[in-house]
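S.K.: what follows is a predicted protein model with its sequence.
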Amino acid sequence: MVHGEAWTLKEFFVYPNEYIYWTIQIVMYPFMTGLVAGAFVLSSLYHVFGVKQLKEIARFSLVFSFALLPVAMLPLMLHLQQPQRGIEVMLTPHFTSAIAAFGIVFTTYGMIVASELWFVYRRHFVESALALRAIAQRSPGQQLAHLLFSALTLGAMDIGEDALEADERAVKKLAGAGIPVACFLHGYAGFIFGSVKANALWMTPLMPVIFICSAVVSGIALCILTYIVTMEIRKLLARWRKQNYPELPSPDELKSAETQVVAMTARYLLMFMGAAITLELLDLVFRGYTAVKSWDILRNVIYERDFVNIFVIQYGLGNLLPFIIFLMPRLTIRRAVAGTMLVLLGVFMMRWNVVIGGQAFSSSFSGFMHYTLPIWPHSMETFKEGFFGAAMVGLVPFFLFWVLNKVMPVFKETH
Amino acid sequence: MISRRNFCRNSLLLAGGLAIPLAALELFDPGRLEAEKIDGKKVRWVFLVDTQKCVGCGLCVKECKIENEIPYDANVTRTWVERYIVTKDGKTHIDSPKGARDGFESSSVDIGHGKFEEIRAGEIDKAFFVPKLCNQCDNPPCVQVCPVGATYQTEDGVVLVDRKWCIGCGYCIMGCPYGVRFFHPVHHVAEKCNFCYHRITKGMQTGCIDACAFGARRIGNIRDPEDPVTRIIMTERVNVLKEEYGTKPQVFYLGFTKEVR
């Protein structure tokens, strides 16, 4: 069977070789990089612009951004027909291609996040290493932890006042440098689509900017959501431990802190969401107004075939409803959870409507292609580019976050 | 009094300032521009399709599949033939069942989902066939977007794919406005028509040209003014597909109408 045939339904005249070649994994790719970039921008709001209210969530989102980073590459690998050659993008980049920059942008960004994390957690590494070193008879587990933390200090054991201040300055600089790189990482994902002149729906110079705005929206939403979930777990733990350690924060203290952080972060979420919707609507209005050759078929796709996906799910459930939820006074945690989940759904549907919607019509402008997401895999291909492949990509960052949190605890006071 | 620091700074500024107009001289070297225009290359392959002659038999598609080892029953093909039926109500019905590998066996039009639309002969204003193949563009978007340089343009203008280097990302497939590219069902890399490069470089005709009994397809060298194909392109009213994309396609069509997609 030809690649793409398993999930493509053709209607009217479609060129014989046309199929939906870019599927769910290519929806996941900008969604995941968007989360990476968004989470980083959120953490930088505190580190660079000194938005004090975001202090609590800043470290959290930085670690989360790092956990998401390797996962941004995973959907691409699952999508490639020759994944074993994927490394060639870095070895022999062909720089007229937007994808060729991936290796450079991705590694630059990864290095910035990694070094920022190192400066943020250096004190923790040193303290952990020293604490473990003090234990005379180390168990094998402790021995391993000792080795790990000693290695992570990179030999920089000075945690005096001056050294820590220098760390903080470095964090600030790295966070500052990271913002444009994070935006580039994602704006560039938008460029990959926006520069395809053969695709009438994708080709717009607004695409990178739209992608950046929606990236920040989704990143903030996911950070709020994950933050709430971890805070709930902490509250539960606090209730247990309170009996033994009265000096720990009480569940009520945690709750008030949580509400404040969520309300503050939600404000930034709304700002970026406003920008994203404005740009998307501008694009739509402009297409309708200029009505070039492709508009006939685009109108059909946007207003008829994909109407539910675009106007009901993406704009209605994913944008309008959360807007109302967040704008209503006295934001509660429960409402914030509902709101952020809807926002994430909205951004995911935006990626879907761009990637799949862009292939919903033939480049002959005379026919349509319908995508059916493979649920139960009956081959490697339908697993990789089906529901379970996408679900795997969606779940890995949470697992990575859990692992990273063991080494870099997001809720421990470091400075 | 000029200080050493000022002297260094000013001389650097001066040198930099001078370098700009000097660079312009290099940019606008007329001799080089002239040379680039002619570029000294002797061969540039072009294709000529005479739609008036095509009868939609599909022998070209069949031959192409065999010649280039594209699995016969796979629903992808390097070349195909489209049927256009313009009815009296102004509608254009287009189809290309299996790329017209078996020709057009039925008078009803394939509208996908396994459905067919019956069109009565009395409703038809005009009907014709249009063979399609890679346009070997002068400004190929597929070459531009390949992230690893696995697809490239040869000196004589044909765009090829290196099967050992293609990572199978599909960006070139997305970048082609003509839909000529696909994933090879066996090699799992990008695949496309290459004017039967293995044949034309040995002085042979392409497979599809050899298979066409009606002379609807011809290949030529646009750099050779004596080439009959070149003469037709230069002297007759030919057209190309989707010029608006700026790809500079090099497959020329005779008898082209606005309905052609």
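M.R.: Everything's here; your move. Numbering: from 1, shown residues only, chains lettered A, B, ... in the order given.
S.K.: tell me the contacts of the residue of chain B found nearest chain A?
M.R.: Using Cβ to the nearest Cβ, residue B:168 is the residue of chain B that sits closest to chain A, at 2.4 Å. From N, CA and C alone the C-beta is placed, and that goes for glycine too. Contacts here follow Cβ atoms under 8 Å, 6 or more residues apart in numbering or on different chains; on that basis residue B:168 touches A:80, A:81, A:82, A:85, B:183, B:188, B:189, B:190.
S.K.: just the ones in strands from those residues, please.
M.R.: Counting by DSSP state E, the contacts of residue B:168 place B:183, B:190 in strands.
S.K.: that older thread, contacts only, for the closest residue to the residue of chain B closest to chain A other than its chain neighbours.
M.R.: Spatial nearest neighbour of residue B:168, excluding adjacent residues (Cβ to Cβ, 6 or more residues apart in numbering or on different chains): residue A:81 at 2.4 Å. Going by Cβ under 8 Å, 6+ apart, residue A:81 touches A:3, B:166, B:167, B:168, B:169, B:170, B:183, B:188, B:189.
S.K.: what number of residues lie near the third one?
M.R.: This means residue B:167. For residue B:167, the neighbour count with other Cβ atoms under 10 Å in any protein chain shown is 24.
S.K.: equivalent analysis for the last one, please.
M.R.: Counted with other Cβ under 10 Å, residues neighbouring residue B:189 total 20.
S.K.: ok, the second one next?
M.R.: Using other Cβ under 10 Å, residue B:166 has 27 neighbouring residues.
S.K.: hang on, it packs against residue B:148?
M.R.: Yes - if you go by Cβ atoms under 8 Å, residue B:166 and residue B:148 touch, sitting 7.5 Å apart.
S.K.: what does the stretch 101-250 of chain B have sitting close to chain A?
M.R.: Contact residues (Cβ under 8 Å from any Cβ of the partner chain) of the stretch 101-250 of chain B with chain A: B:111-113, B:132, B:141, B:143-150, B:165-171, B:173-183, B:185, B:188-189, B:244-246.
S.K.: which parts of the stretch 51-200 of chain A sit against chain B?
M.R.: Counting by Cβ under 8 Å from any Cβ, the positions of the stretch 51-200 of chain A adjacent to chain B are A:76, A:79-83, A:85-86, A:88-89, A:92-94, A:96-100, A:102, A:192, A:195-199.
S.K.: out of these, which end up buried?
M.R.: A:76, A:79-82, A:85-86, A:88-89, A:93-94, A:97-100, A:102, A:192, A:195-199 (16 or more other Cβ atoms under 10 Å in any protein chain shown).
S.K.: who's in contact with residue 106?
M.R.: All of this refers to chain A. Counted by Cβ under 8 Å, 6+ apart, residue A:106 has contacts A:72, A:73, A:185.
S.K.: let me rephrase: I mean chain B.
M.R.: residue B:116.
S.K.: is it fair to say it lies in a strand?
M.R.: No - per DSSP: H, G, I helix; E, B strand; the rest coil, residue B:106 lies outside any strand segment and is coil.
S.K.: touching, residue A:388 and residue A:377? I think so.
M.R.: Yes - applying Cβ under 8 Å, one finds residue A:388 in contact with residue A:377, separated by 6.1 Å.
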